[in-house]
Structure formats: structure tokens, C-alpha cells
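> Here is the input, now give the coordinates:
(one chain, ligands or ions: 1)
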Amino acid sequence: MRRKLAAGNWKMHGSVSALAELTTLAAQIDPQGCETVICPPATLLFHACQLVTSTDIAIGAQCCHPQPHGPFTGDVSARMIAETGASYVIAGHSERRDRYAETDAEVQAQIRAAWRENLTAILCVGESGEDRQAGITLDTIATQLAGSLPDGANGENVVIAYEPIWAIGTGDVPTLAQIGEVHDFIRAQLVRRFGDTQGKTIRLLYGGSVKPSNAADIFTAENVDGALVGGASLQAADFLPIIQALNDA
Ligand code: 13P
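Numbers count the residues shown, from 1 in each chain. Take a look at the predicted model:
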């Protein structure tokens, strides 16, 4: 009942010429398979959306400002993102929570702004290495979910990505049991808050060092509906086998 989702977060990588990867991807993905979303830098959104028209790829942004417009130098609003033709936006990625001190309340405001523009938010949550060592992983996730996920969440307007900070870009991946434990926990929290019907339609992605070599394994973990992929989403040759592994799972 939940359509699987392979999402690529290009972070501050990519260029106009790198958009050719989208064409390669579009030519090879199975329209009957999982949904595919690519989140390039803001400067490439419009061009990327033009390129994927009438393909099975959707485009997303990596963050948004909660206000539609205003004196916020350097920021991009959800309204501006929607105008490019994008349909997704990442919210609360740990790189933004850390580097720009984005709080749960700010992330929640971003998601509300995304919803006003009919964008689907990909809300990121995840513990630090210190949290895991201290045995407070689930407390951290619970706090982030309670603080950053607005009321009214459902399977259409939000996707949740579990991204342990210590697994991002490091090659370290949690065990399947650890991934399963957190995903089961998130599912239970969603069901408790939004009820059985809505809580079970929200898709849960795993993110953090997903590669062609470990994707099939990761997709066997409990309650994993797909992946949010960083480095391995930059090249179609790396992302395609991950998409294939998700389709086969
Ligand atoms: P990597 O796949 O490069 O570890 O990045 C994960 C991530 O942060 C996706 O948002």
C-alpha cells in the first residue's frame, strides 16, 4: 500500500552538465517500479524540472524558508520552489540542523510552508554517534518527531527519512536490527499520533551511506520503504542498482 521511494540528495554537488544523469536515469527506470525523486541544488531546480517533464522522475529541493518572500538574503521559499515545478522538499537534514542551527520548531514551520505550496516534505530525523553511545537514540528520534512533524501529516504530504548522523558520508551503516528498531519505533509513533490509517501510509526511508553494495540488505530491514541517498545518487550508474534493489525487495 506504500509505494517505495528512492530519493537522491545531491547536496551542494552537481552542475548543469550533471543534469545529463537525469536523462540517463529516466531512460532506465521502470515506470511500474518505485517512485524516484532527485533533489539537486536550488540553482538547478528549474532546469531539472524541465528535463524530467514526461519522465517518471520527480524533483525536490533540499530546504526551504518558511516565509513566502521577504528580506531573507540567500534563502529560497517553498513558493519559489513550487514555481520551478518541483514537488518535494527535504526538511531538517542534519547538515542544516547542525550548520545553520535549525531547530525542530523551524523545521516544522518549513514543512507547513511546503504544505501550503502542495510540496511533499521529506523530514529527516536521526541521532548523533554520542546519542547512540549514550543509549538515547529513540528519545532523540521521539523529540525530533514531536517537535518537527506538524499535525495533519499523512502519506501524501510527508515522508520521513531516518538518517543516523554518524552514518552519513562515513561508510558506517547501522545493523539491520538497529535500522529495524528505529523504523518500527517511528511507525509506532506515527500510528499513535495520527491513527492507524494515516500512520501506516507515511513512508519511511533509511539514509546514510546507502550504496549499490549494501542496498539490497538494507531494504530487508523492517518498515523500510526506500532510501534517501547522498553520494551514490550523483551518478545514474550508482543510483540505478539501488533503485533496482528497491524494486526487487
Ligand atoms: P550519503 O548517502 O552520502 O551518506 O548521504 C546521506 C544523506 O545525507 C542523504 O540525505
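> how much space is there between the closest residue to F219 other than its chain neighbours and V224?
Spatially, and ignoring its direct neighbours in sequence, F219 is nearest to A249 (3.7 Å; Cβ to Cβ, 6 or more residues apart in numbering). Glycine gets a C-beta too; all of them are placed from N, C-alpha and C. Relative to V224, A249 is positioned 8 Å away (Cβ to Cβ, to the nearest Å).
> and if you look at D139?
Using Cβ to Cβ, D139 is found at 22 Å from V224.
> For those two, work out which one has more neighbours and name it.
Of the pair D139 and V224, V224 is the one with more neighbours under other Cβ atoms under 10 Å, namely 22 against 12.
> Show the pLDDT at the closest residue to the more buried one other than its chain neighbours.
Excluding its sequence neighbours, the residue lying closest to V224 (Cβ to Cβ, 6+ apart) is Y206, at 5.2 Å. At Y206, the model reports a pLDDT of 98.
> any idea which element Y206 lies in?
Per DSSP states H and E: Y206 is located in strand 203-207.
> So that strand, near the ligand or not?
Yes. Residues of strand 203-207 contacting the ligand under Cβ under 6 Å from any ligand atom: G207.
> Now do that strand: everything it contacts.
Identification of contacts with strand 203-207 by Cβ atoms under 8 Å, 6 or more residues apart in numbering yields 2-5, 7, 9, 122, 124, 126, 155, 159-163, 167-168, 179, 183, 186-187, 218, 221, 223-230.
> on that earlier part again, the residue nearest to F219 contacts G33, correct?
No. The criterion here is Cβ atoms under 8 Å, and A249 misses it with G33 at 10.6 Å.
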